[in-house]
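*Asks:* okay, predicted coordinates and the sequence, questions at the end:
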Amino acid sequence: MPKSNPNDVRNPETDSAEEYLLLLNEHEQKLGVYVHALVNSPEDAEDILQACRLTMWKKFDSFERGTNFLAWGRKIALHQVLNHRRSGKRKPLHATDPEVLEAIAAEIDRQSDALDARSLALRDCLQRLPESQRQTILLRYYEDAEIGEIASETNRSEGAVYQLLSRIRSALNDCISERLAQSAS
């Protein structure tokens with residue numbers, strides 16, 4: 001019978017910390033954009049984000065695995081923003097009514113969810129493109145290749161590359177609209 005290695009035993013607390021850090025790393029930028037959109041001062045926003053990260057960690061045991069971590073984090077962030085405003089420590093020149101702030105937060109959530117849905121649709125639509133078209137899009141938009149470089153690499157004229165990119169963008173736009181319409185119904 002092989003001996004068990006004590007290092008093979010997973011520590012649930014370490015697993016939880018690792019899971020939290022992975023989720024935070026994945027969503028931190030969007031959470032930061034969210035808070036900065038709700039707060040006038042960049043310094044205040046950073047203070048709020050720090051408090052938000054700490055609160056999220058303290059409450060991570062209550063986070064339901066498999067649900068939307070970003071939505072959960074936004075709720076905590078909104079409460080942190082409201083608490084910061086109520087504290088009176090740093091009143092902005094024109095304080096925003098909490099109801100207005102909550103309405104703004106809801107609109108940001110709605111817009112962000114729509115952008116996430118568009119992003120997922122785009123990813124799916126890119127996968128459906130023929131390989132040569134996908135490569136052209138990757139060269140142009142992900143590697144920032146100039147039209148001349150793409151023309152040279154794909155043995156096309158610059159005019160042909162412009163036309164191809166236009167057709168691909170149109171096809172992607174149609175595909176995205178179709179996917180979004182399917183998911184809405």
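*Replies:* Happy to help now that I have it.

*Asks:* where does this structure dip in pLDDT?
*Replies:* For the chain, the stretches with pLDDT under 70 are 1-14, 88-115.

*Asks:* grab the most central residue of it for me.
*Replies:* By C-alpha atoms, centre = their mean, the chain has its centre lying nearest to Lys30, at 4.8 Å.

*Asks:* and the helix or strand where that residue lies, what does it pack against?
*Replies:* In this structure, Lys30 sits in helix 12-38 according to DSSP states H and E. Counting contacts by 3 or more C-beta pairs under 8 Å, 6 or more residues apart in numbering; DSSP states H and E, helix 12-38 packs against helix 42-58, helix 69-87, helix 98-128. To be clear about C-beta, it is placed using only N, CA and C from the backbone, and glycine gets the same treatment.

*Asks:* would you mind finding the most buried of these?
*Replies:* helix 69-87 (a mean of 18; mean count of other C-beta atoms under 10 Å).

*Asks:* okay, the angle between that one and helix 12-38?
*Replies:* In terms of direction (axes from the mean of the first three to the mean of the last three C-alpha atoms, to 10 degrees), helix 69-87 departs from helix 12-38 by 60 degrees.

*Asks:* same for helix 69-87, what does it pack against?
*Replies:* Short answer (3+ C-beta pairs under 8 Å, 6+ apart): helix 69-87 packs on helix 12-38, helix 42-58, helix 98-128.

*Asks:* got CSV for the helices and strands packed on helix 12-38, with distance to Tyr162 too?
*Replies:* Shown next, in CSV, are those (distance: least, C-beta to C-beta, whole Å):
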stretch, distance to Tyr162
helix 42-58, 40
helix 69-87, 37
helix 98-128, 19
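
*Asks:* and the closest residue to Thr154 other than its chain neighbours, what helix or strand is that in?
*Replies:* Closest residue to Thr154 apart from its sequence neighbours, by C-beta to C-beta, 6 or more residues apart in numbering: Thr136 at 6.5 Å. Thr136 is part of helix 131-137 when elements are defined by DSSP H and E.

*Asks:* quick check: buried residues in that helix?
*Replies:* By neighbour count on 16 or more other C-beta atoms under 10 Å, the buried set for helix 131-137 is 133, 136-137.

*Asks:* I'd like those residues as TSV, with distance to Asn173 appended.
*Replies:* Shown next, in TSV, are these (distance: C-beta to C-beta, whole Å):
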residue	distance to Asn173
Gln133	14
Thr136	16
Ile137	13
